[in-house]
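Chemist: could you work out the structure for the sequence below:
(one chain, ligands or ions: 2)
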Amino acid sequence: MPIHEKTLIRPENLRTHDKLVVDGVDVSGHWSTFIESRVVRDYNEALQDEIAALPGGEHIHRCWQCGSCTNSCTVNAINPDFNPRYWIYLIRMGMESELLRDKDIIWQCVSCNKCTYACPRDVFPEGVMKATAHWLELKGHTPKSKSTIFDQVFTEQVVATGKIEEGRVIRDFFARTGQPLLQDWLVEMAKRVARRLPFKQGIAFALAALFRPRTRGWAKARAAIAEYVQEQEAHRRKALGLAARAEHEVGDGA
Ligand code: SF4
Ligand code: SF4
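Modeler: Ligands and ions are numbered 1, 2, ... in the order given. Reported below is the predicted structural model:
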């Protein structure tokens, strides 16, 4: 279904009269159908800047709406409602309430990056999808996705130790998302890996699971990364108006 049909003519905008006679002609029911005009009053003029302030959204202003991203999109082929070109249009126009209508599917981007290669303007649509999903979470429109939680667990471990220990990442991720550790697929995978793993490697894995491996002399790097992350978070909160809101709430509480 073309995008404009889906988005501009909505069931809630259709008006009919059960009983209507005009000039002696009975036009009751669907004969009297007319489409109520859609009026957008709540533009968010800062929306493009807000998305551009998040990682991946920086080049959204380059989009010229050619539609190559949507045409090449893996998810769009399965779900026509998943439409990066359309969402980029809404963001650039500041049509926040329209964007929010699709808030529950924007996270479905599988990061295949087909759109990135198809885009003639280097908009990096995959990044825009990630930035938009992140924006929805930061603004409280959607809960944190499992993908975001996984990224957090992964990043926290790298920052803390300078290393990644996959078993610990999986354990922490399952714990934070309320999932049982002993899932059938994971047990089966562990069995198969154990069968093929060289003995020495198996011992190394077991030790890494017991004693958290760390990069030597990592403290300075950790402090520098933590400072950078704090700076970036403050910048994003300011760009999204979240810093002001937090201060306001604190002020109200006092
Ligand atoms: S990266 Fe996301 S938006 Fe881009 S083609 Fe893949 S699923 Fe679609
Ligand atoms: S392919 Fe690039 S320029 Fe074309 S609509 Fe998508 S983001 Fe915009």
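Chemist: who in this structure is up against ligand 1?
Modeler: Counting by CB under 6 Å from any ligand atom, the chain comes close to ligand 1 at 72-75, 84, 109-115, 125-126, 129. Every residue, glycine included, has its C-beta placed from N, CA and C.
Chemist: weed out the non-buried ones from the residues you listed.
Modeler: By neighbour count, with 16 or more other CB atoms under 10 Å, these hold 72, 73, 75, 84, 109, 113, 114, 115, 125, 126, 129 as buried.
Chemist: flag the least confident of the residues you listed.
Modeler: Lowest pLDDT within these is found at residue 109 (94).
Chemist: for that residue, grab phi and psi.
Modeler: phi -50, psi 130 (degrees, to the nearest 10).
Chemist: what's near enough to touch it?
Modeler: Residue 109 makes contact with 75, 82, 84, 126, 129, 130, 133, according to CB atoms under 8 Å, 6 or more residues apart in numbering.
Chemist: what packs against the longest helix belonging to the chain?
Modeler: Longest helix in the chain by number of residues (criterion: DSSP state H): helix 219-239. For helix 219-239, the elements it packs on are helix 146-161, helix 242-253, judged by 3 or more CB pairs under 8 Å, 6 or more residues apart in numbering; DSSP states H and E.
Chemist: for ligand 2, what is the nearest residue in the stretch 151-254 of the chain?
Modeler: residue 239 (20.9 Å; CB to the nearest ligand atom).
Chemist: distance of that residue relative to residue 150?
Modeler: 24 Å (CB to CB, to the nearest Å).
Chemist: compute the number of surrounding residues for residue 152.
Modeler: 14 (other CB atoms under 10 Å).
Chemist: any idea which of the helices and strands packed on helix 219-239 scores lowest on pLDDT?
Modeler: Lowest mean pLDDT of the helices and strands packed on helix 219-239: helix 242-253, a mean of 55.
Chemist: on that earlier part again, report the angle between the longest helix of the chain and helix 146-161.
Modeler: 140 degrees (axes from the mean of the first three to the mean of the last three CA atoms, to 10 degrees).
Chemist: and helix 219-239, C-alpha only, in PDB?
Modeler: Coordinates of the C-alpha atoms in helix 219-239 are reproduced here as PDB (Å, rounded to 0.1, in the frame of the first residue of the first chain):
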ATOM      1  CA  ALA A 219      42.700   2.900  35.100                       C
ATOM      2  CA  LYS A 220      43.700   6.000  33.100                       C
ATOM      3  CA  ALA A 221      41.900   4.900  30.000                       C
ATOM      4  CA  ARG A 222      38.800   4.100  32.100                       C
ATOM      5  CA  ALA A 223      38.800   7.600  33.600                       C
ATOM      6  CA  ALA A 224      39.200   9.200  30.200                       C
ATOM      7  CA  ILE A 225      36.400   7.100  28.700                       C
ATOM      8  CA  ALA A 226      34.100   7.800  31.700                       C
ATOM      9  CA  GLU A 227      34.700  11.600  31.400                       C
ATOM     10  CA  TYR A 228      34.000  11.500  27.600                       C
ATOM     11  CA  VAL A 229      30.800   9.500  28.200                       C
ATOM     12  CA  GLN A 230      29.600  12.000  30.800                       C
ATOM     13  CA  GLU A 231      30.300  14.900  28.500                       C
ATOM     14  CA  GLN A 232      28.400  13.300  25.600                       C
ATOM     15  CA  GLU A 233      25.500  12.400  27.900                       C
ATOM     16  CA  ALA A 234      25.300  15.900  29.200                       C
ATOM     17  CA  HIS A 235      25.400  17.300  25.600                       C
ATOM     18  CA  ARG A 236      22.600  14.900  24.500                       C
ATOM     19  CA  ARG A 237      20.400  15.700  27.500                       C
ATOM     20  CA  LYS A 238      20.800  19.400  26.800                       C
ATOM     21  CA  ALA A 239      20.000  18.900  23.100                       C
END
